[in-house]
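[1] test case, fold it:
(2 chains)
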Amino acid sequence: MNPFTYVRATETSGAIRALGRDSHFLAGGTNLIDLMKMGIVTPEKLVDITHLPLKHISRTPTGLSIGALCTNSEVADHPLVLKHYPLLSMAFNAGASPQLRNMATVGGNMMQRTRCPYFFDTALPCNKRVPGSGCGALQGYNRMHAIFGASDQCIAVNPSDMSIALTALEATVHIQGARGGRILPFADFHRLPGDTPEKDNVLEPGELITSLTLPLPAFPDHVHYLKIRDRTSYAFALVSVAAALQLDGGNVRAVRLVMGGVAHKPWRLEAAEDFLRGKPATVENFRQAAYLAMQGAKAYAYNQFKLTLAPNAIVQALKTASGVTA
Amino acid sequence: MNKIVLGEPLNRVDGRLKVTGGAKYSGEYKQPGLTYGVLVPATITSGTVTAMDTRAAERAPGVVAVITVFNAPAVPGFQKDAVKPVRGLKLFNDNKVYFNGQPIALVIAETFERATYAAKLVTATYAETPFETSFEKNFDKGVVPNNGQYKDYVRGLADAYKNAPVIVEEDYKLPSEMHNPMELHVTIAAWVGDDEVHVYTKSQGVMGSQRSVANAFGLATEKVHIHSRFVGGAFGSSLRTWPHEIAAVQAAKLVKRPVKLTLTREQMFTSVGYRPLTIQKIGLGATLDGKLVGITHESHSQTAVYEEFTENAVAVSRFLYASANANTRYRVVPLNVGVPCPMRGPGEATGAFALESALDELSYKLGMDPIALRLANYAETDPERNLPWSSKYVKECYALGASRIGWDQRLAHPGSLRDGEWLVGYGMGCGAFGAHRSATTVRIRLSADGRVVLWSATSDIGPGTGTAMTVIAANILGLPADKISFELGDSGFPTAPTQGGSQTVSSVGSAVHDVCVALRGRLYELSGLPVDSTTDIDYVRVLKEHGLPELELSGESKPDAEAQKYSSYSFSAHFAKVAVHPLTGQVRVRQLIAVVDAGKVISHKTASSQMIGGAVGGIGMVLTEEAVIDDRFGKYINGNLADYHVPVNADIPDIEAIFIDKPDPYINPIGTKGVGEISLIGVAAAVANAVYNACGKRIRELPITPDKLI
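    So this is what the prediction gives:
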């Protein structure tokens, strides 16, 4: 780990002011400290933001507001979240381990880097870590990698479970910068790699995530977060699916479908949603939706299985969310 | 506490220390002036180091020394004329690089963090040479091991299975599997003058470590003190003294201060061995009524270019079942990788996965129940050595396991049994491991306050050695367990074998038995009673009456010739019930039963725990664990516990160990055969066979991850 300076901020504008070149905000540290130990990020300064007043979970006229410094477990276990947005709790609880969830924050979860092994090893090429050094995964061991939205520069995936649910719930991100604040849809926060894979998201230097808002109407029933992984807990998704349905009798009134483990950002399945909306909730329709969702998917040497596992997971998530088995 | 009898459950005698932080592990011994060593890995996979720049590291704050391949002080045991040359990699002795991650420098600093930082500042230039890490690509370069112990074996006719009416001929692949004990490997070396050293290290055999360090540095054996009282898991990875342990001692000598060297988790993947990647071919031929006509077992496994490692994967096919014809072949494929080493159930666990899977495949071809098939080929005597078994209760194991798991619920046709959306299946697999016993000495002292202490230079890597020894001593002496303590893990104690090969209770337990019998006899003598009396006497009063402050005895115990007339194995039969989700490929092990013929059970609770721990290792082998090298770089790319998947609690079902608990009459005075290895051997096949029974997919390449089942 590089020598670095450490400052503790007590209010938001001060934290933003304190951030200089080669600086990082430090929240739960569950990802950043690892990256520093591995020599993947080498900040000269850490600005500790854990004392900022960004820890609320409260009702708003239009839904729910969650402070960026709430821990993953605080949100997952909160009665309002459990009641109105159970999909979010399910996604949180599918991620990491209880110890990590007790430390990791909501804002930090949004900022976590890919778990691509080539990104994580400074001896190996990675365009995300060292732009222009090449993509180790493209011709390498790409079992965990993207099947949607990748580029020749980067085929890594975003590892967050939380973000999959927040995309499905159409959350909004509140960001504060030196020149004021801005608000953007959660789905626009993360980006695809394109020719600049070093950028995971649209946050500008000096900007700080302050809160999220979850809108109404919520999806209180008929939701499921399905995560398929190599062991039953504490593993990243091979694929995951957030499915949220509003059912009207046997028909789909509203639907959200987002996949994880398949792209550089949460992958919303709009074609599948469009197909299902207004149609009877049947397994046959789920299968057709999954088929539509997979159009344009492209696999690599070691992740061909995702072309089968992903649609299967979509069908299974919809079955579990709807309770429809035939 | 009341008297305890052999086999009774006793809580771990050191359990409280372990769960309260009172147990002191090797890295926790405070030393005045302690420095910290961090290794610098080579970033090439084969070639030579041509130059190194250590100036930035040497200038970094807190750095005491930087040892490299160019300036390392000579280690006497590395020299060509050494009396007992050090085996394997001689760290920093020359500039050759044999595998990626091989240490090329060691930075010593005042703190671990300073050393870690400075280690990153060391740079090297290399002359690279072509390397090979791909096992598949080099499969055909497999050679008969040089050590002469693995000649092709033929009983009757070779490849006789080919002419049988019913044939199974398949390849089975196991990836490299890392021991990954919770506790990292750590060594503290502290010299006393120039000719004496204390080494606190993670060791399964303090006497072996003592010999290795003494040989390496040309020291008198008694001037090397190895301390390894508590070990946080090892699974075979601490059976030998590794290059980094020698490096720690070398560095401490150079800087004239104690050095603590801790491997990182990533370094654990290249520095302390692993179960080698193996491809096995099994050929089974049977008559229509299921009698085996021939067994052929071939194994190729990876080894290192700089040191040969071998293990007996094919051995199980020579003795587990009766077959007039059996033949085995074993080849090793040298690659630019770190050298493997034994991992729990070494060889047999690998071989049993292949053999027991193939038998399961044969059972379906024959339309025969897998247990009935095994009974039809039951070996009443050891077909390999042509000797009677010292004891074997495997039929009882089959019956107990089948009854306990509900084998009668199993449907022969795969994919027939459902529980909601899940497909349910049953499978079984067997294990065996040689039951050994080595010469051991134990010292015992009875004090005037009635307390008994025993000493032996054995280890406890987790099974609860001290607990089992306490049970034996308490049983013979008729004392409550809390009056007895058993001291281990120090090379200053009387001679004991390394803790490996499931022989600790058999070896050390027998010596404890014998020395306790001797002590009791001496006390009877003092009381004027015959030595084999069964009268209750008050030991404290006997000492007092004879004006003795204490009574101390020491005795060696070793196998007798009678035992050589028998073939001794521990046996296990594992039964698994699994559920497979047909859409998502998820596997859930719902139940595991391990039925064990390990002779007399000494300490029921710790033996059960050991069986459960081994089963967990078996679940890792079959479902989750795989170390992956990117052959373009020759480097492990999942060298951490997030990407290398050791099973977690959620992967583990109820596991029950059932013991036959009948003493072996020949192996030793306590009748015990050992459970360390058979707890794991056969588990992978039981689960894989249950997966097939559940969903009809036969997975011959481990681990069975969801992608292989959809």
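[2] by contact count, what packs against whichever helix in chain B runs longest?
    Counting residues, the longest helix found in chain B (DSSP state H) is helix B:348-366. Packing partners of helix B:348-366 (3 or more C-beta pairs under 8 Å, 6 or more residues apart in numbering or on different chains; DSSP states H and E): strand B:166-174, strand B:278-286, strand B:292-304, helix B:316-319, helix B:370-376, strand B:422-434, helix B:683-695. All C-beta spots, glycine's among them, are computed from the backbone N, C-alpha and C.
[3] before we move on, which element is residue B:462 in?
    Following DSSP states H and E, one finds residue B:462 outside all helices and strands.
[4] dump the residue contacts of residue B:409.
    Contact analysis of residue B:409 by C-beta atoms under 8 Å, 6 or more residues apart in numbering or on different chains lists B:417, B:426.
[5] any buried residues in stretch A:135-147, and which?
    A:135-138, A:140-147 (16 or more other C-beta atoms under 10 Å in any protein chain shown).
[6] quick revisit: got the helices and strands packed on helix B:348-366 as CSV, with mean pLDDT columns?
    Formatted as CSV, these follow (pLDDT from 0 to 100):
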stretch, mean pLDDT
strand B:166-174, 98
strand B:278-286, 98
strand B:292-304, 98
helix B:316-319, 98
helix B:370-376, 98
strand B:422-434, 98
helix B:683-695, 98
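[7] compare those and give me the one nearest residue A:184.
    Nearest to residue A:184, of all the helices and strands packed on helix B:348-366, is strand B:422-434, at 41.8 Å by C-beta to C-beta.
[8] can you pull the pLDDT of the residue of the stretch 1-150 of chain A found nearest chain B?
    The stretch 1-150 of chain A approaches chain B most closely through residue A:117 (4.0 Å), counting by C-beta to the nearest C-beta. Looking at residue A:117, its pLDDT reads 97.
[9] contacting residues around it?
    With C-beta under 8 Å, 6+ apart, residue A:117 has these contacts: A:124, A:136-137, A:141, B:637-638, B:643.
[10] make CSV out of the helices and strands packed on helix B:348-366 and add mean neighbour count and distance to chain A.
    Shown next, in CSV, are those (neighbours: other C-beta atoms under 10 Å in any protein chain shown; distance: least, C-beta to the nearest C-beta, whole Å):
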stretch, mean neighbour count, distance to chain A
strand B:166-174, 19, 16
strand B:278-286, 24, 19
strand B:292-304, 25, 17
helix B:316-319, 24, 28
helix B:370-376, 19, 27
strand B:422-434, 26, 12
helix B:683-695, 30, 14
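[11] would you turn the ones you listed into TSV with distance to residue A:70?
    Output for the helices and strands packed on helix B:348-366, formatted as TSV (distance: least, C-beta to C-beta, whole Å):
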stretch	distance to residue A:70
strand B:166-174	44
strand B:278-286	48
strand B:292-304	48
helix B:316-319	55
helix B:370-376	53
strand B:422-434	36
helix B:683-695	40
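[12] residue A:51 is nearest to which of those?
    strand B:422-434 (47.9 Å).
[13] on contacts alone, who are the packing partners of the closest one?
    Identification of packing neighbours for strand B:422-434 by 3+ C-beta pairs under 8 Å, 6+ apart yields helix B:348-366, helix B:370-376, helix B:394-405, strand B:569-580, helix B:683-695.
[14] helix B:683-695 and that strand, what's the angle between them?
    Orientation of strand B:422-434 against helix B:683-695 (axes from the mean of the first three to the mean of the last three C-alpha atoms, to 10 degrees) gives an angle of 160 degrees.
[15] tell me the strands beside strand B:422-434, with direction?
    strand B:418-419 (antiparallel), strand B:569-580 (antiparallel) (DSSP bridges).
[16] pull the distance from it to the chain's centre.
    Here strand B:422-434 is found 21 Å from its chain centre; the criterion is C-alpha atoms, centre = their mean, to the nearest Å.
[17] over to stretch B:139-154?
    Centre-to-centre, stretch B:139-154 and its host chain are 23 Å apart (C-alpha atoms, centre = their mean).
[18] please apply the same query to stretch B:184-201.
    The chain centroid and the centroid of stretch B:184-201 are separated by 24 Å under C-alpha atoms, centre = their mean.
[19] is that stretch anywhere near chain A?
    No. On the criterion C-beta under 8 Å from any C-beta of the partner chain, stretch B:184-201 is out of touch with chain A, staying 14.1 Å away.
[20] give me the buried positions along that stretch.
    In stretch B:184-201, counting by 16+ other C-beta under 10 Å, buried: B:184-191, B:197-201.
[21] and if you look at stretch A:267-281?
    Under 16+ other C-beta under 10 Å, the buried positions of stretch A:267-281 are A:267-269, A:271-273, A:275-276, A:279, A:281.
[22] just to revisit the earlier point, tell me the one of the buried residues of stretch A:135-147 nearest residue B:599?
    Checking the buried residues of stretch A:135-147 one by one against residue B:599 (C-beta to C-beta), the nearest turns out to be residue A:143, at 44.3 Å.
[23] any idea how far that closest one is from residue B:627?
    14 Å (C-beta to C-beta, to the nearest Å).
[24] surely residue B:620 and residue B:647 touch.
    Yes. With contact defined as C-beta atoms under 8 Å, residue B:620 counts as touching residue B:647 (4.6 Å).
[25] for chain A, identify the residue most remote from the centre.
    What lies farthest from the middle of chain A is residue A:249; by C-alpha atoms, centre = their mean that is 31.8 Å.
[26] mind listing what the nearest residue to residue B:592 once chain neighbours are set aside touches?
    Nearest non-adjacent residue to residue B:592, counting by C-beta to C-beta, 6 or more residues apart in numbering or on different chains: residue B:655, 4.5 Å away. Shown in contact with residue B:655 (C-beta under 8 Å, 6+ apart): B:592-594, B:611-612, B:615-616.
[27] closest one of the residues you listed to chain A?
    Nearest member of the contacts of residue B:655 to chain A, counting by C-beta to the nearest C-beta, is residue B:616, at 12.0 Å.
[28] residues touching that closest one, list them.
    For residue B:616, the contact set (C-beta under 8 Å, 6+ apart) comprises B:647, B:652, B:655.
[29] how far away is the first one from residue A:231?
    Going back to what we said before, that points to residue B:647. Distance from residue B:647 to residue A:231, by C-beta to C-beta: 6 Å.
[30] quick one: which of those two has more around it?
    It is residue B:647, of residue B:647 and residue A:231, that has more neighbours when counted by other C-beta atoms under 10 Å in any protein chain shown, with 22 against 19.
[31] touching chain A at all, stretch B:103-123?
    Yes. Stretch B:103-123 lies within reach of chain A by C-beta under 8 Å from any C-beta, at B:113, B:116-117, B:120.
[32] so which of those residues is the closest to residue B:223?
    residue B:116 (32.0 Å).
[33] show me how the chain divides into domains.
    In the absence of a named chain, this looks at chain A. Segmentation of chain A into domains, based on automatic domain parsing, reads A:5-48, A:223-322.
[34] switch to chain B, please.
    Taking automatic domain parsing as the reference, chain B has its domains at B:33-44+B:46-130+B:180-271, B:141-176+B:275-435+B:565-708, B:438-558.
[35] assess the claim that residue B:159 and residue B:294 are in contact.
    Yes. Between residue B:159 and residue B:294 there is a contact under C-beta under 8 Å: 6.8 Å.
[36] now for those two: what residues contact both?
    Going by C-beta under 8 Å, 6+ apart, residues that sit against residue B:159 and also against residue B:294 are B:283, B:327.
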